[in-house]
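Participant: What follows is a protein structure lacking sequence information:
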């Protein structure tokens with residue numbers, strides 16, 4: 001018998017941690033090509049022009065986020081612990097990454113440190129990026145001669161989208177939609193239709209195709225958790241999804257069908273008993289740190305060693321970024337997450 005997702009999706013017995021780490025590494029890999037000025041040499045882009053490793057990694061993040069954040073709401077069904085959990089997960093590393101980026105970017109700026117730190121652009125960057133709801137990407141004089149100039153931490157562009165989706169999910173939970181799977185399915189379908197018709201009605205700037213795809217990936221992850229009783233977890237079906245994407249009949253599997261195919265493969269990889277990896281969650285969750293700290297490290301390396309190839313940049317930036325991510329997890333993120341229990345006064349449902 002093929003198990004249903006509901007029989008497997010409980011506790012911490014899953015592979016989400018290594019999957020998220022791989023997704024963050026995909027983003028780092030993509031940036032190694034982008035930041036060396038070799039966008040079109042990226043391997044996945046060369047073989048499947050509709051895809052690239054950066055977009056793939058981010059979509060995986062959003063599928064997992066929609067799934068786990070919906071699980072978090074349904075476990076508590078109270079606004080305060082839900083909001084506290086999101087704040088404690090996102091903001092400690094985001095604030096640290098903001099300061100980290102300012103320091104690394106300042107080292108590349110021709111301005112004296114006092115002028116750089118007091119500059120209106122630096123102050124504007126600090127508060128806007130640390131809040132997360134609106135991103136800016138430049139700091140005074142930073143990385144002017146790099147192959148991808150001026151951009152200081154391009155990875156953070158997805159955070160305002162994710163935070164707005166958290167707010168939408170909170171409103172859906174308070175309205176009782178997440179507890180009624182038919183209602184939530186109807187609501188998500190309606191939102192997708194309206195989003196396609198009138199994207200300007202939604203505060204997800206920029207309202208382009210990529211943003212809509214991320215919102216869809218998040219919604220599919222949320223629906224998967226709400227409908228977990230009806231969702232079989234099959235290796236054969238997941239393999240068929242991968243083959244469909246590779247074959248791409250009529251352009252559908254890498255087009256309109258890509259998000260649901262990807263969401264299914266991610267969830268099977270996370271929960272199928274044959275893929276169980278018991279030791280995967282013992283080290284630490286370095287994926288978020290790898291995502292938010294890697295870009296300024298890569299730009300700094302390119303500023304100091306401008307002749308680096310994508311492979312050389314990956315070989316240098318990935319271990320450095322992982323080291324910073326590990327420090328962030330053990331010194332900052334894990335202690336912050338330990339505070340969640342102070343806000344969790346609502347008994348959890350089974």
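Facilitator: Perfect, thanks for sending it. For clarity, every value in this text was computed on a predicted model and none was experimentally measured. Numbering: from 1, shown residues only.
Participant: In which helix or strand does the spatially most central residue of the chain reside?
Facilitator: By C-alpha atoms, centre = their mean, the chain has its centre lying nearest to residue 61, at 3.8 Å. Using DSSP states H and E, residue 61 maps to helix 53-76.
Participant: Repeat that for residue 110.
Facilitator: According to DSSP H and E, residue 110 maps onto no helix or strand at all.
Participant: List the residues that contact it.
Facilitator: Residues in contact with residue 110 (C-beta atoms under 8 Å, 6 or more residues apart in numbering) are residue 141. C-betas here are computed from N, CA, C, even on glycine.
Participant: now swap in the one 3 residues further on and tell me
Facilitator: Counting by C-beta under 8 Å, 6+ apart, residue 113 touches residue 106.
Participant: Apart from its neighbours in sequence, what residue is nearest residue 210?
Facilitator: Spatial nearest neighbour of residue 210, excluding adjacent residues (C-beta to C-beta, 6 or more residues apart in numbering): residue 55 at 6.7 Å.
Participant: Sorry, slip of the keys, the one I care about is residue 309.
Facilitator: Leaving aside its sequence neighbours, residue 309 sits nearest to residue 36 (C-beta to C-beta, 6+ apart; 6.6 Å).
Participant: and the one you found, what does it touch?
Facilitator: 147, 302, 308-310, 313.
Participant: From residue 138, how far off is it?
Facilitator: Separation of residue 36 from residue 138 (C-beta to C-beta, to the nearest Å): 20 Å.
Participant: pLDDT weak spots in this protein?
Facilitator: 204-208, 345-350 (pLDDT under 70).
Participant: 50 instead?
Facilitator: Regions of the chain meeting the criterion pLDDT under 50 cover residues 347-350.
Participant: hmm, what's the outermost residue in it?
Facilitator: Max distance from the centre of the chain (C-alpha atoms, centre = their mean): residue 112, 34.8 Å.
Participant: OK, contacts around it?
Facilitator: Counting by C-beta under 8 Å, 6+ apart, residue 112 has no contacts.
Participant: and it, what are its phi and psi?
Facilitator: As for residue 112, its main-chain torsions (degrees, to the nearest 10) stand at phi -60, psi 150.
Participant: so residue 133 is in which element?
Facilitator: Under DSSP H and E, no helix or strand contains residue 133.
Participant: Spatially nearest residue to it, not counting backbone neighbours?
Facilitator: What sits nearest to residue 133 in space, not counting adjacent residues and going by C-beta to C-beta, 6+ apart, is residue 160, at 5.3 Å.
Participant: and the one you found, how many residues sit next to it?
Facilitator: When neighbours are counted by other C-beta atoms under 10 Å, residue 160 registers 20.
Participant: how near is it to residue 24?
Facilitator: Using C-beta to C-beta, residue 160 is found at 18 Å from residue 24.
Participant: Follow the chain on from the one helix or strand residue 267 maps to and name the next helix or strand.
Facilitator: According to DSSP H and E, residue 267 maps onto helix 258-271. Where DSSP H and E defines the elements, the next helix or strand beyond helix 258-271 is helix 287-304.
Participant: Can you give me the buried ones in that next one?
Facilitator: Within helix 287-304, the residues that qualify as buried are 287-303, counting by 16 or more other C-beta atoms under 10 Å.
Participant: next SSE after the top helix by length along the chain?
Facilitator: If each helix of the chain is counted by residues according to DSSP state H, the longest one is helix 79-108. Along the chain past helix 79-108, the next helix or strand (assigned with DSSP H and E) turns out to be helix 113-118.
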